[in-house]
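Enquirer: sharing a model that was predicted from the sequence below.
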Amino acid sequence: MKCFNHEEREAAATCQRCGKGLCKECASKYTPCLCDDCYEAIQNEHHARQVTAVEQRRQGRLERMTFTRNDLILNCVLGIALVIFTLYTIFTEAGGFSDPGDVLLLPWIFCVPAGWRITSKWLRLGQGDTTVIYTDADGALYSFVAHLMIRLIGGFFLGIPAFLFQLFKLARSRKAVQEAEQEVLKLRGR
C-alpha cells in the first residue's frame, strides 16, 4: 500500500479514522495516527461543539438577565403604584406632609414590593412539600394573617436591600452576557 499523500512512498501506517495509507512522515504528524483531512474534520467538529456550548451558555445568561430585568420592572411598577397611593392618602387625609422627614419614607415604600417578593419566596422555600389542612376557619384565618404580616414586615425591612440586590444582579447578568458574546465572537472569528 502506498501513502495517500506521497504516492512514491510505502505506507507505514493507516489513518485510524478513514483507513488511508500513510508513510512514516505523515503517520508521525498527529497522535493518534490520522490523515490531514481527518485531523481537520476532527478539529472542525471540536470547534463546532465549543461554539455550540458557548452559545448555549450565552443564551442561558441572556434568559436569566431578561428574567431579572422583568422582575425589577415589575417591582418598580408596583413600587410606583404604592408611592402614588401613599401620596394620595397623605394629601387627601392629612392635607400634606406634617413633617419634612416623612418624605424619606417614600423610598422605603417604593422598595416594599421587592422585599415582599423575597420574603414570600423564603416562606415558600421554608414550607417545602408540607401542607397543612385546617379543619376550622379560625386556624386558616390566623395562618393567612400571620403570613400576611410576615410578608409585610419582611417587605418593609428587606425592601431596600432586596431592590439594591436586584440592581446588582442585573448589572452582573449584563456583564456575563457581554462576556459570553465576546467569547462567541472570538470563537467564530477563529
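Expert: Yep, it's here. Quick caveat, the model's predicted, so the values are computed rather than measured.

Enquirer: ok, residue 112 touching residue 81?
Expert: No. In this structure, residue 112 is not within contact of residue 81 by C-beta atoms under 8 Å, at 10.6 Å. For every residue, glycine as well, the C-beta is placed using N, CA and C.

Enquirer: between these two, tell me which one has more neighbours.
Expert: residue 112 (26 against 12; other C-beta atoms under 10 Å).

Enquirer: quickly find the element holding the more buried one.
Expert: Assigned by DSSP states H and E, residue 112 falls within helix 105-127.

Enquirer: do residue 163 as well
Expert: Counting by DSSP H and E, the element that carries residue 163 is helix 137-188.

Enquirer: look up how far residue 68 lies from the residue lying closest to residue 119 once chain neighbours are set aside.
Expert: Closest residue to residue 119 apart from its sequence neighbours, by C-beta to C-beta, 6 or more residues apart in numbering: residue 154 at 2.9 Å. Plainly put, residue 154 is 20 Å away from residue 68 if you go by C-beta to C-beta, to the nearest Å.

Enquirer: the residue positioned nearest the centre of the chain in helix, strand or coil?
Expert: Nearest to the mean C-alpha position of the chain, counting by C-alpha atoms, centre = their mean, stands residue 64 at 2.8 Å. For residue 64, the assignment made with DSSP: H, G, I helix; E, B strand; the rest coil gives helix.

Enquirer: let's have the chain start at 9 instead
Expert: Renumbered: residue one is now 9, and that last one reads residue 72.

Enquirer: run through the chain and note the low-pLDDT ranges.
Expert: Along the chain, segments meeting pLDDT under 70 span 134-146, 198.

Enquirer: same thing but at 80, please
Expert: The chain contains residues with pLDDT under 80 at 102-111, 132-149, 151, 196-198.

Enquirer: neighbours of residue 14, how many?
Expert: Per other C-beta under 10 Å, the neighbour tally for residue 14 reads 14.

Enquirer: and if you look at residue 105?
Expert: The number of residues packed near residue 105 is 14, by other C-beta under 10 Å.

Enquirer: is it true that it touches residue 111?
Expert: Yes. Using C-beta under 8 Å, residue 105 makes contact with residue 111 at a distance of 6.4 Å.

Enquirer: give me the common contacts of these two.
Expert: Applying C-beta atoms under 8 Å, 6 or more residues apart in numbering, one finds that no residue jointly contacts residue 105 and residue 111.

Enquirer: that older thread, contacts only, for the residue nearest to the centre of the chain.
Expert: By C-beta under 8 Å, 6+ apart, the contact set of residue 72 is residue 181.

Enquirer: could you check the distance from it over to residue 182?
Expert: Relative to residue 182, residue 72 is positioned 10 Å away (C-beta to C-beta).

Enquirer: residue 124 too?
Expert: Taking C-beta to C-beta as the measure, residue 124 falls 25 Å from residue 182.

Enquirer: so for these two, which sits in the more crowded spot?
Expert: More crowded of residue 124 and residue 182, by other C-beta under 10 Å: residue 124, with 22 against 15.
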